[in-house]
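Asks: need a structure here:
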Amino acid sequence: QVETWGLQILLDNPYQDVFWYPGGSYKENWYLNRSFQLLFHYGPAHGVDLLCRLSGRKPFLVKISNMMQKSTKALEPFITNSWNWSNNNLVKLEGELTMEDRAVFGFDMKTDFDWKEYLAIYVKGIRKFLFKSDPPPSQQQAVHEPALVVTSYLGSFCRRCFILC
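Replies: Numbering: from 1, shown residues only. Prediction:
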């Protein structure tokens with residue numbers, strides 16, 4: 001569910017200078033995850049930058065790719081491993097709170113915490129503090145969107161062809 005929410009939030013709060021829509025999936029196996037990163041992240045970035053250099057343009061995609069890897073590197077231990085968390089002590093503590101204390105110190109993560117809002121703030125924080133990037137003006141975003149659709153479909157087609165071969 002978090003992946004679905006996160007993707008929608010990324011689409012609603014786009015990063016500047018992206019080559020295609022964010023997407024993909026996480027692999028629990030570190031080696032498989034790394035292979036997919038090399039094939040579908042670094043590979044295309046270096047290919048596009050090579051084409052830029054050959055055509056006399058300034059390469060840009062490897063830099064962006066490295067910025068994205070910075071953000072996913074922090075999450076890698078949680079993405080590539082299975083985790084079981086116990087909240088028994090938290091539930092017991094909450095059960096011992098009086099109604100007055102619960103009104104002041106309530107911390108029921110199922111009802112008192114808005115995960116979608118948290119993810120939206122997280123995405124905006126990553127863009128601002130990690131990537132040092134301001135949100136793009138809506139006009140610039142609207143102009144850039146058709147190109148994202150084309151490159152996203154083209155990238156998806158190429159990935160499927162690669163997997164089928």
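Asks: Quick one: find the helix or strand in the protein with the lowest mean pLDDT.
Replies: Using mean pLDDT, DSSP states H and E, helix 138-164 stands out as the lowest-scoring helix or strand of the chain, at a mean of 60.
Asks: Which stretches in the protein count as helices?
Replies: All helices of the chain, identified by DSSP state H, fall at 2-12, 30-37, 43-54, 61-79, 88-96, 99-105, 115-125, 138-164.
Asks: what's the closest of the ones you listed to Lys132?
Replies: Of all the helices of the chain, helix 61-79 sits nearest to Lys132, with 9.1 Å by C-beta to C-beta. Just so you know, the C-beta spots here come from the backbone N, C-alpha and C atoms, and that holds for glycine as well.
Asks: buried ones in that closest one?
Replies: Across helix 61-79, burial judged by 16 or more other C-beta atoms under 10 Å covers Leu61, Ile64, Ser65, Met67, Met68.
Asks: Now for the nearest residue to the fourth one once chain neighbours are set aside, how many residues are close by?
Replies: In space, not counting the residues next to it along the chain, Met67 is nearest to Phe131; the distance is 5.3 Å by C-beta to C-beta, 6 or more residues apart in numbering. Taking other C-beta atoms under 10 Å as the criterion, the count of residues near Phe131 is 16.
Asks: so how far is Gln69 from Phe131?
Replies: For Phe131, the distance to Gln69 equals 12 Å [C-beta to C-beta, to the nearest Å].
Asks: Please apply the same query to Gly95.
Replies: On the measure of C-beta to C-beta, Gly95 and Gln69 end up 43 Å apart.
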